[in-house]
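*Asks:* from the sequence below, what's the structure:
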Amino acid sequence: MKKSVKLLCFVLALVMLVNATPFSVFAAKVKAPAKPVSVTAASTLNTVTVKWKKVSGAKGYVLYQYNTANKKYVKKATTAKTSYKLTKLKAGTTYVYCVKSYKAVKKKTYYSAYSGKVTVSTLPAKVTGLKVGSTSYSNAKLSWTKVAGATSYTVQCTSTDWKNAKKVTAKTNSAVVSSLSSKSTYTVRVYAVRTVNKKNYTSAVSSAVKFTTTDVTTVDLTKKHQTINGFGASGAWWAQKVGGWENADDFIKLLYSKDEGIGLNIYRYNLGAGTDTDNAVDRGKSAETFIESIEGTQGEDSVWSDYTINYDWTNDKNAQNSLAIANKYADDLRVVLFANSPPKQITVNGKGYCSYHEDGYWENDVFYKKDSYNSNLASGNYNIYAKYLTDCADHFVDEGYNVVDVSPINEPQYSWSCDVNGNMSQEGCFYTPSEVKSLASKLATAGAGKPYKFSVFESCGVSGTLWNPDLMFEDCFRTYFEPMTTNNTIKRYYDTITVHSYWNNKEDKAEFKAYMNGKYPQFNIACTEYCQMTNDGNTGVWDYQQTLSGFDFNGMGIQHGVQLARTVLEDLTVLDATEWNWWTAVSGGYYPDGLVYYDAPAVGDSVWDGTAKDVFTSKRLWCLGNFSRFIREGAVRVETGDTCSDLLSCAFVNKDGSLVVVYVNTTDKDANTCINADGYSTANCYLTSECCDLEHTVTTKYDKNQLFNVPSQSVVSVILTN
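*Replies:* Sure thing, here's the model as predicted:
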């Protein structure tokens, strides 16, 4: 009984204690929910979605955003879900978020601690304004509008599909895509990148833009071809006039000065046959001879024996003065003496051309000669002709000239006979193949040990049979040359063949070069004469020439100029010509055979009063100058490869190491190209076009992606130096 009373008293005391204790003491024992974990954020251009793991016992969650201004977290949303999407945010902007969970007990809310913070960025805006500023053969320069908040940009470039696209990272709103293929079409696009806490946020890709890389000229300095002697022109027959004029320098410096002209370094002096007193010869195409008289015995066959040649070296005064002026302007001028005919004193008919005979007739597209052509030089006079030539060459050497060649036989394939009335256009002499062989052997003996070389005959063309048989009755070259190669004296002496560039297209030249490489690789090829004959369909201006008249018939414009340049370039690259020569450097008539002109018909040669004439320059002059001024004696041609089908090019390395690349654009559209060559730092460009005469247009630092413009109908020389 006593124990029951004690237990009842304890229970009553406990009830009284509970009723006396405050409610807050009881409530303090309610636990807040755990803080959210695994908080992540994902973004778009203007939204951020924050996610977290569900908290057990939590009624909901509060999302906070860090305010960088007051450095406090600001409540942004309350949600019962475990994610929340914030909208209308600024693109390319960094945001920091955290989350609290909460629960409510008896109308009181209990909050967890802050979750770990999560840093996120909205995506940068899409790139706009993508442009391809310039391209080269391997590079493209791009630019676009700067994107706010972007820390970098990624360029994608492909010629196939985006899966295989090349990627380039840029820190600014421009980039260069490199290592591209020349003359290829590519597509590029760009996206902006914003990097926050080592995480990249990328924009949508820009609109795609296409571009095409430019052409390239690859210069292989290891592949070497011929060594060049230079470029020149003949003094026939302008030198006999111009050399006596008070303004002769004005004409000749345009040809031989590197500063005021085109810097030719070869002068082809015409050794006349003495037709200056022959009224049957065209007055504009005659020349004196240095022979004053010959003492000895001349038989009925015109052959001299026991002879002495008397010379008057004051003859041909004006022509000698022209040579002297050229020598003044040129550095170490190379002088070539050439004869169209032996002097009249030793010919069969006493003239500087062959006697008349009837050529023949055509039947079924085949030409039949009525009789054989006859040479005007008897074989018994080969020795006196050889002596005459060596005497002339020795004289000019004694006068201080750098005589390098003597050419005694010009186009032996032609008949060179006067017409039925005895009239003749110029000096000339026919030879049969056996006669050429015999004379060449005599000359090889006469030239042994001399400081100059005799040339083999100058062929009127290179092909086996001329494409236009109206103008040719014998094989151009092979019929004449092959018999010579059986003579040991000839084989030991001669190392160069000389040909003219008339009547031949590129295919003819390639065939001829293959023939020479196969049978006579030891011989160099020199191109010694060319002009744009109006009946030569290979000039490139044949149709255009038919539209011209008067002074314009001279072909003074750029069309004739670029086609001349094409011919020069073909001869240099297809024939491997060691030198290239124009025909008559100065002309006074109406014919496309000159580089510089005087207006002869304005006065008339027959009444010329000795005063100076005006100077007219053709585009041919300046186009030839794109080669002759910069490609110097001793330069070596190196291999070039072009991806541009509209451009022709050749390249030479001069003795000083400079690289000269010459471009010819015969089309009606501009072309751009780069030069891929090693070891150069500076580029200078010279342009000849309708409006420019060998004008220095560009000086720039050179790299392989430097773009060079070659305008339509132009010739451009690019000189690369260290």
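*Asks:* settle this for me: A140 is touching T187, isn't it.
*Replies:* No - when contacts are counted by C-beta atoms under 8 Å, A140 is not listed as touching T187 (11.0 Å). Where you see a C-beta, it was placed from the backbone N, CA and C, and this is true even at glycine.
*Asks:* give me the common contacts of these two.
*Replies:* Common neighbours of A140 and T187 (criterion: C-beta atoms under 8 Å, 6 or more residues apart in numbering): C157.
*Asks:* for the two, indicate the residue with more neighbours.
*Replies:* Neighbours were counted for A140 and for T187 using other C-beta atoms under 10 Å; A140 has more, 24 against 16.
*Asks:* partners of that one in the sheet?
*Replies:* A140 forms beta bridges with T135, V177, as assigned by DSSP bridges.
*Asks:* show me what contacts A287?
*Replies:* 236-237, 240, 270-276, 316, 319, 427.
*Asks:* make sure it is indeed in a helix.
*Replies:* No - counting by DSSP: H, G, I helix; E, B strand; the rest coil, A287 is not part of a helix but coil.
*Asks:* nearest residue to it other than its sequence neighbours?
*Replies:* Once flanking residues are discounted, A287 sits nearest to G272: 2.6 Å by C-beta to C-beta, 6 or more residues apart in numbering.
*Asks:* from I291, how far off is the one you found?
*Replies:* In this view, G272 and I291 are 10 Å apart by C-beta to C-beta, to the nearest Å.
*Asks:* of these two, give the one with the bigger neighbour count.
*Replies:* Ranked by neighbour count (other C-beta under 10 Å), G272 and I291 place G272 first, with 26 against 21.
*Asks:* who's in contact with that one?
*Replies:* Applying C-beta under 8 Å, 6+ apart to G272 gives the contacts 286-289, 316, 343, 352, 427.
*Asks:* ok, the spatially closest residue to N265 that is not a sequence neighbour - contacts?
*Replies:* Leaving aside its sequence neighbours, N265 sits nearest to G230 (C-beta to C-beta, 6+ apart; 4.0 Å). Contact analysis of G230 by C-beta under 8 Å, 6+ apart lists 264-266, 334, 579, 628, 631-633.
*Asks:* kindly recompute the last result at 6 Å.
*Replies:* Counting by C-beta atoms under 6 Å, 6 or more residues apart in numbering, G230 makes contact with 265-266, 579, 633.
*Asks:* would you mind giving the secondary structure of N318?
*Replies:* Note that with three-state DSSP, the state of N318 is helix.
*Asks:* thought it was touching V242?
*Replies:* No - N318 is beyond contact range of V242, at 7.3 Å (criterion: C-beta atoms under 6 Å).
*Asks:* more neighbours, these two?
*Replies:* Comparing N318 with V242 by other C-beta under 10 Å, the one with more neighbours is V242, at 26 against 18.
*Asks:* okay, now the residue lying closest to V586 once chain neighbours are set aside: neighbour count?
*Replies:* Spatially, and ignoring its direct neighbours in sequence, V586 is nearest to W238 (3.8 Å; C-beta to C-beta, 6+ apart). Counted by other C-beta under 10 Å, the residues lying close to W238 total 27.
*Asks:* now the one 10 residues further on
*Replies:* Using other C-beta under 10 Å, A248 has 20 neighbouring residues.
*Asks:* tell me where the stretch 451-600 of the chain has helices.
*Replies:* 478-484, 488-493, 506-519, 542-545, 558-573 (DSSP state H, counting those that start in this stretch).
*Asks:* the longest one - what's its average pLDDT?
*Replies:* For helix 558-573, mean pLDDT rounds to 98.
*Asks:* that one to helix 506-519, inter-axis angle?
*Replies:* 20 degrees (axes from the mean of the first three to the mean of the last three C-alpha atoms, to 10 degrees).
*Asks:* tell me what helix 558-573 is packed against?
*Replies:* strand 577-584, helix 619-628, strand 648-653, strand 659-665 (3 or more C-beta pairs under 6 Å, 6 or more residues apart in numbering; DSSP states H and E).
*Asks:* tell me the phi and psi of the residue nearest to N265?
*Replies:* Taking degrees, to the nearest 10, you get phi 140, psi -160 for the backbone angles of G230.
*Asks:* quick one on the thing from earlier: out of the helices of the stretch 451-600 of the chain, which is the most enclosed?
*Replies:* helix 558-573 (a mean of 24; mean count of other C-beta atoms under 10 Å).
*Asks:* gap between that one and the chain center?
*Replies:* Between the mean C-alpha location of helix 558-573 and the chain-wide mean there is a distance of 13 Å, by C-alpha atoms, centre = their mean, to the nearest Å.
*Asks:* can you list contacts of it?
*Replies:* By C-beta under 6 Å, 6+ apart, helix 558-573 touches 501, 506, 527, 540-541, 544, 577, 580, 619-620, 623, 627, 648, 650, 664, 666, 690, 713, 715.
*Asks:* tell me the angle that helix makes with strand 659-665.
*Replies:* Using the same axes, to 10 degrees: helix 558-573 against strand 659-665 is 130 degrees.
*Asks:* still on that earlier bit, would JSON lines of the helices of the stretch 451-600 of the chain with distance to P592 be doable?
*Replies:* Supplementary listing: the helices of the stretch 451-600 of the chain in JSON lines, determined by distance: least, C-beta to C-beta, whole Å:
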{"stretch": "helix 478-484", "distance to P592": "28"}
{"stretch": "helix 488-493", "distance to P592": "36"}
{"stretch": "helix 506-519", "distance to P592": "20"}
{"stretch": "helix 542-545", "distance to P592": "7"}
{"stretch": "helix 558-573", "distance to P592": "6"}
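*Asks:* relative to T122, which of these is closest?
*Replies:* helix 558-573 (59.9 Å; C-beta to C-beta).
*Asks:* what's the angle between the closest one and strand 577-584?
*Replies:* 150 degrees.
*Asks:* quick one: helix 558-573 to strand 648-653, angle?
*Replies:* Interaxial angle of helix 558-573 relative to strand 648-653 (the same axes, to 10 degrees): 50 degrees.
*Asks:* and of the contacts of G272, the nearest to L389?
*Replies:* P343 (9.8 Å).
*Asks:* name all residues that make contact with the closest residue to the closest one other than its chain neighbours.
*Replies:* Spatial nearest neighbour of P343, excluding adjacent residues (C-beta to C-beta, 6+ apart): T289 at 4.5 Å. By C-beta under 6 Å, 6+ apart, the residues touching T289 are 272-274, 343.
*Asks:* helix or strand next in line after the least confident helix or strand in the chain by mean pLDDT, which one?
*Replies:* None of the helices or strands of the chain scores lower by mean pLDDT, DSSP states H and E than helix 23-27, at a mean of 45. Downstream of helix 23-27, the next assigned helix or strand under DSSP states H and E is strand 40-43.
*Asks:* nearest to V348, of the contacts of A287?
*Replies:* A273 (12.6 Å).
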